[in-house]
Every structure is written in structure tokens, then in C-alpha cells.
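Student: okay, sequence plus prediction incoming.
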Amino acid sequence: MRRLLPALTGAALFAATGLAALATPTVASAADCTPAQVVANSGFESGSSPWTAPSGAITADTGQSAHSGSTYAWLDGYGSSHTDTLSQSLTLPAGCGTATLGFWLHVDTAETTGSTAYDKLTVKLGSTTLATYSNLDAQAGYVHKTVDVSAFAGQAVTLAFTGVEDSSLQTSFVLDDVTLDVSGGGTTPPGDPTRTPVAPVYTADLTSDASGGSWTGHESVTFTNASPTALNEVYLRLWDNAHGSCPGTPITVTNVTGGTPSPLTVNCTALKITLPAPLAQGQSGTVAFDLGITVPSGADRFGHDGAYNFLGNALPVLAVRDAAGWHLDPYTNNGESFYSVASDFTVTLDHPTGLLVPATGTSVDTPGTTGRTVTKATASKVRDFAWGAGPFTRISGTSAAGVKVNVYSVAGISATDAKSMLSTATSAVDAHAQRFGAYPYGELDAVIDNNFWFGGMEYPGFVLDLVSTTALTHEIGHQWWYGIVGDDEYNAPWLDESFTDYSTDLALGKTGNGCWNSVSWASSAERITNSMAYWDANSSRYSTVVYGYGKCALHDLRRTIGDTAMTTLLRNYAQAHWYGVSTTAEFKAAAQAATTVDLTSFWSQHRIDG
């Protein structure tokens, strides 16, 4: 899964678009760490305390604007030699193995250079410089920045933002919604590597307004504890709250039953629900809640482009607890953070008849009340559920292997382009199925809009895309690499992106000959297997390394072990992890078992750790 820049098309779409390498996850029990956000007064709405800041720096002045609420921190902006420092003393809990600093930054400048950093903002934790920004980072609005600070677990440190301005031409560094989220653990429990909860069954009944941009209703999920360690709580991930302001959010959960909810954490994307009694291994529970969804403006994976609504990640889904503890990673707009187990969904969507509603799974429409239609979508063994709503134009076809494919186009997509995308989709779904195993999700919906800034995005049985043969073949490849063969997308994004881009090359007849020859690492810390914490801090390298170098490494592996062995390896690996979860260590072991060649130096040369 991946956000691609729409300015890139064809092969460049995946090849053109690095803090620390991904380490082996620490192992912890859920009791070692209570996920929390440790920055006090993170949005500055309670005045200056406990921040230390120059007089007037924390302000509601109309000269700049807040990211959320009415108050923000304004450093510099004087147009003369000046230094402002904003700081707060923090303590990171010792038991939490994962810590992520996040903040919204707007840089406004009068500097005219496009090459010289005259005015600078330095971000430090203790004596360590985490990041530096300058007048060269000026943009019209706020940009969300994240930094992995897990190495500071257990330390009492000072978080400081220092802006230094030179003698002329102002630069303002505007900060808001500063967070430091901690989760995970750091000690080893007695033998509990099992992912849980498992076998979730989701049921949702939602009704839309006239536009399809606002939905209200009810959702429930039944689940089982697969772990020998009792399940005392579950977490819902409200991923799309990252698209709004916290605590004012586009996804609202109220009237929870089956457990006691806590305040939202992780920038309002995680909701802890304490269960009435611990669930032992094999025991099941159910939580339910009223749900409200308001789609924001923007041609995004969660957003609306005029009359066309896209609802990716809008349904709350259960987080996963495994050997590393609860996975409560922050949302990333650069790639994906999603990690979930195969689940069953039954979703009923009541909407105006004039709107078409493509959705994950197999859909059946029945008449509703006057002027309305009820679309019931059912999906088995999928990791998420997504849908759209709008006056789309739909054309349909069937692949040679019998998969029904629907292409939904927004206004402005020509009939010729829609037919071309239908042809691409039917060919791609069969090509991937022939290599890795039959497509299991019934029908496949492709929603086409050339305004998508990210290029393409996939969900089970449902993809968003530009008019691009390469991009659509890639997104459909994700039905296997992430959809059928799952992975932890935040901590190991290469397992779906590199594998999907390699699969795309195969489907399009590309050999990848010589592509490894152009590899040039940005630093000793850069690895194909780095986590999204690293790529968010080094965003310009994400696509180059994870897409370009990742798929080239798999082409090199094919040449190292032979075509037949590689073909057998990937098909067998997909079958062995069908509806399961892949890890780097498991893939490396499977690859080594498929050949008599010692791959130790191969992994080292290609920087594949784990």
C-alpha cells in the first residue's frame, strides 16, 4: 500500500517517489506499558504552562493561524537577528519500547532564495538534534512531522524547538499539536508471541446524508483471544481521525457497550476499551458502539472530490497485540500504518438511489425507503473495509478466470480511459492470481479519479487509482501482498510495497535487468527494511528505496536462486501465509530453504535486515 505522487506515471510512478534502521522488535507483555501521550498542553490551548517560551510566542494572534483550536506557538518572524526557544520537560516511561514525536509545522518566509537556509528551526530531545528545518521548508499550510524517539525510553529529557533568524527577511516557524506517543514494551513475557485478538466479525449498519459524505449508525465486532495471556482490553483504531483535528474528529465513537472506553490517544486514532472481565485463551467477546463519519474535503483516500466520496479506513478496526505488545503506531500520510488480521465484514449502507456505492466484498442492492437504496456488502477474510459514494459512471467486465471487475469513474474520465482501466484490471487480477493463487474476494472495484494526489491506494477488493496501467496493476497486486498475505505495514513496509512492485514488473513483462546497478544509499542507517518512522523522517527516500531498491533486490534474488526456484518460492510463500501475516525473518528463512546458495551475503549486500 502506498501513496504515490500523481505527477509521476508509468514506471516512474513507483521508482521516483531515510532516523535509524528497523531493529528486531522488542518483546513485551501488554502490562509493561500503558500507551499514552506525554506532552502536556500539546495544542497550547491552556496557555503557556508547562511550556517555557518567550512572552507572546504562545498566542492566538491572527497574524498566523492554529492547526486546531485557536492557540499555537509562533517562533521568530521578526526579520532581524533573533532566537526563540520553546521547550517542555518530559519523562518517557521506561516500560514503553515505542515512542514517536509528532508535531504540525507551518513555515512562512519572506526569504526569496531557493537554495540557502538563512533561518533555521532545530528540534532537540535532550542534547540530541532530531531534525532541522529552514526557510527552504516554507509551505502554504501545516505539515505533520514525525520522529522515532524510542531510544529515549525511560529518560527524563527536555523537548526543545529553537528558531534562529538572521539579520533580514522574516521567517516564522509556527507549531501546533505537539505530541509524543508511547506504546509497546521492553521486557520479555513467558512465551507469548501469539497475535490477538483473532477471527474478528464486524457488522455495521450505516445511513448517509444526501451527498454520501456523512454517515451515522452502529458497528459491532466479535473477537476471540488466541493468546495464552489474558486479554484485558482491546484497542480500536480510528485511523481517519488523523485527517482532522484532535479532539474534534471526523470519526466519532459513542455509546460503547461490551467494555469501558478510555480517552482517545495517539492523536485520537486509538481507543482503548477495557473489557468487563479478562478473556482467557479461546474465549470471545463483543464490543459495539454508535458511529459517526464525516468525510473531509480533498481527493484523498478519506475525503471527497466534489460530489465523489472516498471512505478508506473509515470503519474502526481492532488493533493487534503480539510479541511486541499492542501495535499503536501513529498514522502516516507518507505510506501506511495499518496492521490487522483477516476478518469478516457485513456492512449495510443506506444511501440515496442516485449515488453508486462501490465497496469491499460482494454487494447486493435492494430498494430502501422512497428515493433510497440499501447496499449490503459482505466480505470474508479481509483486513479492512472501504467504500465510496457518488454519481460515478460504472462499467463492468469479467476476467478470463471469472473475476467480476467494476470500474467506477468520476466526471472527467473519458469512456476510452475507463475501458482501458477495465482491460488493465481484468488482465492484472488474472496475472497475479496465476503466480500467487486464485483471487478469493469475489468482485473487484476500481475507482478512478485523476485528482488523487497520492496516485493509487488499495483496500481488499477495492482500489483507488489514476488512469495508469502501471499504477492499477500495482494496486491490484496489493490484493495479495497486504490483502491475502498480511504484514505490519508501519514496521515492515517493504513486505507489501517491494513485493507488489516486483509483482507489477512480472505482470507487465519487465525483467529488472541492471536496476540494482543504480543503487546509492543516503546513509549507513538506510535499509530496505526500515520502518515508517525512518521513512517519515526521510520521506524523499521512501519510494526510491522501498519501491525501487526493494523490487530490484527481489529481481536480484531471482537471478541468484534461479527463475524456477523464485517462482516456486513466492507461490509457496503466499500459500503458506494465506490470510496470515508475513515477517522479514520468515521470508528470509523461506528463501534460504528454497536454494543451496548461502544467502547470508545477499541479505547484507541488499540491506535486508530482520
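Tutor: Good, I have the coordinates. Residues are numbered from 1 along each chain as shown.
Student: show me what the longest helix seen in the chain is packed up against.
Tutor: Of all segments of type helix in the chain, defined using DSSP state H, the longest is helix 415-436. Judged by 3 or more CB pairs under 8 Å, 6 or more residues apart in numbering; DSSP states H and E, the packing partners of helix 415-436 are strand 393-398, strand 404-409, strand 444-448, helix 469-477, helix 494-507, helix 563-576. Any C-beta I mention is one placed from the backbone N, CA and C, and that applies to glycine too.
Student: of all the ones you listed, which lies closest to E233?
Tutor: Taking CB to CB, helix 494-507 is the member of those nearest to E233, at 27.7 Å.
Student: need the helices and strands packed on helix 415-436 in TSV with distance to D384, mean pLDDT and mean neighbour count, can you?
Tutor: Converted to TSV, these look like this (distance: least, CB to CB, whole Å; pLDDT from 0 to 100; neighbours: other CB atoms under 10 Å):
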stretch	distance to D384	mean pLDDT	mean neighbour count
strand 393-398	22	98	13
strand 404-409	18	98	22
strand 444-448	14	98	27
helix 469-477	14	98	27
helix 494-507	13	98	26
helix 563-576	19	95	16
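Student: those into JSON lines, with extra columns for distance to V234?
Tutor: Formatted as JSON lines, the helices and strands packed on helix 415-436 follow (distance: least, CB to CB, whole Å):
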{"stretch": "strand 393-398", "distance to V234": "37"}
{"stretch": "strand 404-409", "distance to V234": "34"}
{"stretch": "strand 444-448", "distance to V234": "30"}
{"stretch": "helix 469-477", "distance to V234": "30"}
{"stretch": "helix 494-507", "distance to V234": "24"}
{"stretch": "helix 563-576", "distance to V234": "28"}
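Student: flag the shaky bits of the protein, pLDDT-wise.
Tutor: Applying pLDDT under 70 to the chain flags residues 1-33, 184-193.
Student: tell me the secondary structure for G354?
Tutor: Following DSSP: H, G, I helix; E, B strand; the rest coil, G354 is assigned to coil.
Student: distance of it from A590?
Tutor: Per CB to CB, to the nearest Å, G354 is found 50 Å from A590.
Student: more neighbours: these two, which one.
Tutor: Neighbour totals were compared for G354 and A590, and A590 leads with 16 against 13 (other CB atoms under 10 Å).
Student: so what angle separates the directions of the strand or helix carrying the more buried one and helix 494-507?
Tutor: Using DSSP states H and E, A590 maps to helix 584-593. Helix 584-593 runs at 50 degrees relative to helix 494-507, counting by axes from the mean of the first three to the mean of the last three CA atoms, to 10 degrees.
Student: what's the angle from helix 584-593 to helix 563-576?
Tutor: Orientation of helix 584-593 against helix 563-576 (the same axes, to 10 degrees) gives an angle of 140 degrees.
Student: run through the neighbouring helices and strands of helix 584-593.
Tutor: The contact analysis (3+ CB pairs under 8 Å, 6+ apart) places helix 584-593 against helix 494-507, helix 563-576.
Student: those helices: which one's closest to N309?
Tutor: Ranking these by proximity to N309 (CB to CB) places helix 494-507 first, at 25.6 Å.
Student: next one: the helix or strand just after the closest one to chain centre, how far?
Tutor: Note on helix 494-507: by DSSP H and E, the next helix or strand toward the C-terminus is helix 532-537. Counting by CA atoms, centre = their mean, to the nearest Å, helix 532-537 is centred 12 Å from the centre of its parent chain.
Student: which outside residues touch helix 532-537?
Tutor: With CB atoms under 8 Å, 6 or more residues apart in numbering as the test, helix 532-537 has contacts from 18-22, 100, 131, 145-148, 150, 329, 332, 334-337, 489-491, 493, 525-527, 541-542, 545-546.
Student: thinking again about what came up before, for N232, find the nearest of the helices and strands packed on helix 415-436.
Tutor: helix 494-507 (29.7 Å).
Student: output that closest one as CSV, nothing but the C-alphas.
Tutor: What follows is the C-alpha trace of helix 494-507 in CSV, where atoms were taken according to Å, rounded to 0.1, in the frame of the first residue of the first chain:
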residue,chain,number,x,y,z
TRP,A,494,8.8,-3.4,2.3
LEU,A,495,6.9,-6.7,2.8
ASP,A,496,4.0,-5.3,0.8
GLU,A,497,5.4,-2.5,-1.3
SER,A,498,8.6,-4.1,-2.6
PHE,A,499,6.8,-7.4,-3.2
THR,A,500,3.9,-5.7,-5.0
ASP,A,501,6.2,-3.6,-7.2
TYR,A,502,8.1,-6.7,-8.1
SER,A,503,4.9,-8.5,-8.9
THR,A,504,3.9,-5.5,-11.1
ASP,A,505,7.1,-5.8,-13.1
LEU,A,506,6.4,-9.5,-13.6
ALA,A,507,2.8,-8.8,-14.7
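Student: list the contacts of that helix.
Tutor: Residues outside helix 494-507 that contact it (CB under 8 Å, 6+ apart) are 1-2, 14, 335-336, 427-428, 431-432, 435-436, 470, 473-474, 477-478, 480-482, 485, 487-489, 511-512, 528-529, 546-548, 550-551, 553-555, 582-584, 587, 608.
Student: report the angle between it and helix 469-477.
Tutor: For helix 494-507 against helix 469-477, the angle by the same axes, to 10 degrees is 130 degrees.
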